[in-house]
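Chemist: Quick one: sequence plus predicted model below, questions after.
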Amino acid sequence: AQSVTQLGSHVSVSEGALVLLRCNYSSSVPPYLFWYVQYPNQGLQLLLKYTSAATLVKGINGFEAEFKKSETSFHLTKPSAHMSDAAEYFCAVSENYGQNFVFGPGTRLSVLP
Amino acid sequence: NAGVTQTPKFQVLKTGQSMTLQCAQDMNHNSMYWYRQDPGMGLRLIYYSASEGTTDKGEVPNGYNVSRLNKREFSLRLESAAPSQTSVYFCASNHQAGGEAFFGQGTRLTVV
């Protein structure tokens, strides 16, 4: 069965600093991987997705993620944090063309001035 | 283009009451989902519908029923609400081959 772990329920960075949010997955087949962002009192918005093309995936708002099969990881990064990046971030995995997504527990990102 | 629309946005129920959460999408997606979100647990799948006329249980289906009324609409029913069902509920949809799921704005449900 597929599963997702996200190391760190809360991450704080200073404005301008590197953002690194960790995601590890387990899957019995090559997975589809996603990062979503949730702002307070809103639904989830797709940041980026990996669907077996390039291993380095670029998303919206300057975020990118690298698929590493050997490490079963899909960590999310952004070179320079902005105050507007403060939100909750969810990693998700799907094994079958995007059906039946399984989400990680989420990481709340705080950006300090 | 509204995307995924959920109603209501907020609801307070007494223990034992019933209610139906409504979800509609206008993107002609085949698959629809209901998730609940609880602090520290991410989103957990309650039920999903891979196509019109089919529904399947997810990770936490107990206490819920669903209906895929047509391709656009997928409702979630609580027959006898319990305090443990206090949560934020999200509906989502995607195209089977497309991958990305689109989410509604959520329904915040409190059962007292």
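Modeler: Good, I have the coordinates. Residues are numbered from 1 along each chain as shown, chains lettered A, B, ... in the order given.
Chemist: ok, the helix-or-strand element of chain A with minimal mean pLDDT: who's next to it in the sheet?
Modeler: Counting by mean pLDDT, DSSP states H and E, chain A has its least confident helix or strand at strand A:102-103, which shows a mean of 87. Sheet pairing of strand A:102-103 (DSSP bridges) gives strand A:87-94 (antiparallel).
Chemist: what is the rounded mean pLDDT of stretch B:80-94?
Modeler: Across stretch B:80-94, pLDDT averages out at 96.
Chemist: For the following helix or strand past the least confident helix or strand of chain A, which outside residues touch it?
Modeler: Using DSSP states H and E, the helix or strand that follows strand A:102-103 in sequence is strand A:107-112. Contacts with strand A:107-112, where a contact means CB atoms under 8 Å, 6 or more residues apart in numbering or on different chains, come from A:6, A:8-15, A:19, A:21-22, A:81-83, A:85-90. Where you see a C-beta, it was placed from the backbone N, CA and C, and this is true even at glycine.
Chemist: What angle do strand A:87-94 and strand A:107-112 make with each other?
Modeler: 150 degrees (axes from the mean of the first three to the mean of the last three CA atoms, to 10 degrees).
Chemist: Any buried residues in strand A:107-112, and which?
Modeler: Buried residues in strand A:107-112, counted by 16 or more other CB atoms under 10 Å in any protein chain shown: A:T107, A:R108, A:L109, A:V111.
Chemist: Pairing partners for it, with directions?
Modeler: Here strand A:107-112 has these sheet partners by DSSP bridges: strand A:10-14 (parallel), strand A:87-94 (antiparallel).
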